[in-house]
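[1] Turn this into a structure:
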Amino acid sequence: MGQCTVMGAMLSCSFGLAPSTLVPVGAARVTIEGRPAATITDMSPLANVPPFGMCTSLANPTVAAATSAALGVLTPMPCVPAITGPWMAAAPTTVLGNIPILTSGSTCTCAYGGVIQQIMPGSVLTTAG
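    Predicted coordinates:
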């Protein structure tokens, strides 16, 4: 069982330099502890998953170009998440509108190799399993 993820959940990326905050905008309009609940489809870059400050992945073309220009010294560039698919649900049997709910332990990946995970799911009392 994991805690349910809601608006304001803190996220981190393994190649990002700053945390980000999840913004669920799903059609379900279900609230948990007074905040909109998130599902595995809340993964749109910028709309649901804001940038993580600066990106340090050499798979990111802007980071690779800046690092090359700096003669091989890793040069982070602004993050623009490039999420490759829906969140991998930690509790796939708990659903909102036939879509698995997002819970602590759920992850998704960035095309540049980063793993996006939750630092804090946002809900305190509500769990799903």
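[2] before we move on, what SS does the residue lying farthest from the centre of the chain have?
    When distances are taken from the C-alpha mean of the chain, L71 lies farthest, 31.7 Å away, according to CA atoms, centre = their mean. Using DSSP: H, G, I helix; E, B strand; the rest coil, the structure places L71 in coil.
[3] Quick check: chain neighbours aside, which residue is closest to P92?
    Spatial nearest neighbour of P92, excluding adjacent residues (CB to CB, 6 or more residues apart in numbering): P100 at 4.7 Å. The way it works is simple: take the backbone N, C-alpha and C, and place the C-beta from them, glycine included.
[4] ugh, wrong one, I101
    Nearest one to I101, counting by CB to CB, 6+ apart, is T94 at 4.8 Å.
[5] wait, isn't the one you found in contact with P100?
    Yes: between T94 and P100 there is a contact under CB atoms under 8 Å: 6.7 Å.
[6] So for the two, which sits in the more crowded spot?
    P100 (21 against 18; other CB atoms under 10 Å).
[7] residues in contact with the more buried one?
    If you count contacts by CB atoms under 8 Å, 6 or more residues apart in numbering, P100 has them with 39-40, 89, 91-94.
[8] What's the per-residue pLDDT of it here?
    P100 carries a pLDDT value of 87.
[9] and after the host helix or strand of it, which helix or strand comes next?
    Using DSSP states H and E, P100 maps to strand 99-100. Counting by DSSP H and E, the element after strand 99-100 in chain order, helix or strand, is strand 107-109.
[10] Work out the gap between that following strand and the centre of the chain.
    7 Å (CA atoms, centre = their mean, to the nearest Å).
[11] swap in stretch 82-100?
    With CA atoms, centre = their mean as the basis, stretch 82-100 stands 12 Å off its chain's centre.
[12] can you give me the mean pLDDT across stretch 88-96?
    Across stretch 88-96, the per-residue pLDDT values average to 80.
[13] Okay, strands next: where are they in this protein?
    2-13, 20-21, 31-32, 35-36, 54-55, 77-78, 95-96, 99-100, 107-109, 115-128 (DSSP state E).
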